[in-house]
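S.K.: Turn this into a structure:
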Amino acid sequence: MDYREFDCVRLAVGWVKEWTGQDIMPELRKWDSMRSGLLSLRSTGQTIKENTDGFLGPSVAVSKARWGDIVAIKSEPFDTLGIHDGGSAIFLAQKIGLQRFPLSRCDFAWRLKCPK
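M.R.: Numbering: from 1, shown residues only. Below is the predicted model:
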């Protein structure tokens, strides 16, 4: 995966901008590898979930999420962000691109405001 161009954070930020018109992270940090992404995250002193809470508000139970909301799977060292797509969620997987996982695998969700 080319971290300079695309990762789960950029996927989620891009979707939020496309769906809501809101640019939640206009100065998206630049990282070019998993290692530099981890260093960037650690410099904030927060997890991806905590950072996402700061941009989108408190997370909700996945059962309260709806199509188009942001979801996440808790994992180390990064929580992985994806997009709710009905009965499943779409995530960006290393080496294989977009991949669907059942919502039952997701741990967090963030409700997005109505479309633009």
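
S.K.: pretty sure I24 is in contact with K17, am I right?
M.R.: Yes. With contact defined as Cβ atoms under 8 Å, I24 counts as touching K17 (7.4 Å). Placement of C-beta: from N, CA and C, glycine included.

S.K.: Can you report phi and psi for R100?
M.R.: Main-chain torsions, R100, degrees, to the nearest 10: phi -90, psi 140.

S.K.: Look up which residues are beta-bridged to it.
M.R.: Using DSSP bridges, the bridge partners assigned to R100 are I90.

S.K.: how close does it get to G82?
M.R.: 9 Å (Cβ to Cβ, to the nearest Å).

S.K.: quick one: which of the two has more around it?
M.R.: Counted by other Cβ atoms under 10 Å, R100 and G82 do not tie: G82 has more neighbours, with 28 against 14.

S.K.: For the helix or strand containing the more buried one, enumerate the helices and strands it packs against.
M.R.: Assigned by DSSP states H and E, G82 belongs to strand 80-84. If contacts are counted by 3 or more Cβ pairs under 8 Å, 6 or more residues apart in numbering; DSSP states H and E, strand 80-84 sits against helix 8-20, helix 48-56, strand 70-73, strand 88-93.
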